[in-house]
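**Student:** Here is a sequence with its predicted model. Questions after.
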Amino acid sequence: QVQLVESGGGLVQPGGSMRLSCVASGFTLDNYAIGWFRQAPGKEREGVRCITSRDGSTYYADSVKGRFTISRDNAKNTVYLQMNSLKPEDTAVYYCARRYWSCSGNANNYDYWGQGTQVTVSS
């Protein structure tokens, strides 16, 4: 059974850091891209970053450039999203999703999703 499970969310002050994890099970991560998306209340889901099966990474949100880093550890079947210099506007539910081989900024192109983890940036 294919599963993606996010963790690492919570409450952080502006300017702080947080690392999200996406643990995959039921399939081998090697041939899949993993995208991170987020959805704030009242807003559409937006792509944040993605990492391809060959460790190429892509930004989908200009607002996170220079602040969010994506990485993967295939041996642990895990993808990480390191978030630094967090801002209140980063507050959202963060989701990871799977797509075969390459990244896409279109959420409809991903076939499995995690349940999401809440990130709240507030003082």
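**Tutor:** Arrived safely.

**Student:** And Thr69, how far from Thr28?
**Tutor:** In this view, Thr69 and Thr28 are 24 Å apart by C-beta to C-beta, to the nearest Å. Where you see a C-beta, it was placed from the backbone N, CA and C, and this is true even at glycine.

**Student:** Between the two, tell me which one has more neighbours.
**Tutor:** Ranked by neighbour count (other C-beta atoms under 10 Å), Thr69 and Thr28 place Thr69 first, with 15 against 9.

**Student:** what pairs with the helix or strand of the chain with the lowest mean pLDDT, and is each one parallel or antiparallel?
**Tutor:** The weakest-scoring helix or strand in the chain, judged by mean pLDDT, DSSP states H and E, is strand 57-59 (a mean of 78). Here strand 57-59 is paired, per DSSP bridges, with strand 46-51 (antiparallel).

**Student:** got the CA coordinates for the strand it pairs with in CSV?
**Tutor:** What follows is strand 46-51, C-alpha atoms only, in CSV (Å, rounded to 0.1, in the frame of the first residue of the first chain):
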residue,chain,number,x,y,z
GLU,A,46,0.4,25.9,-4.3
GLY,A,47,3.6,24.1,-5.2
VAL,A,48,6.5,25.0,-3.0
ARG,A,49,9.4,22.8,-4.0
CYS,A,50,10.0,19.5,-5.8
ILE,A,51,12.9,17.1,-6.1
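
**Student:** got the contact list for it?
**Tutor:** For strand 46-51, contacts defined as C-beta atoms under 8 Å, 6 or more residues apart in numbering pick out 33-39, 57-61, 64, 68-72, 79, 81, 94, 99, 103-107.

**Student:** redo that, cut-off 6 Å
**Tutor:** With contacts defined as C-beta atoms under 6 Å, 6 or more residues apart in numbering, strand 46-51 is touched by 33-38, 57-61, 64, 68, 70, 72, 103, 105.

**Student:** just stretch 61-74 next, same as before
**Tutor:** 29-30, 46, 48-49, 51, 57, 59, 79-85.

**Student:** and what of stretch 99-109?
**Tutor:** With C-beta under 6 Å, 6+ apart as the test, stretch 99-109 has contacts from Tyr32, Ala33, Phe37, Arg45, Gly47, Cys50, Thr52, Ser53, Thr58, Tyr60, Tyr110.

**Student:** All set, thanks.
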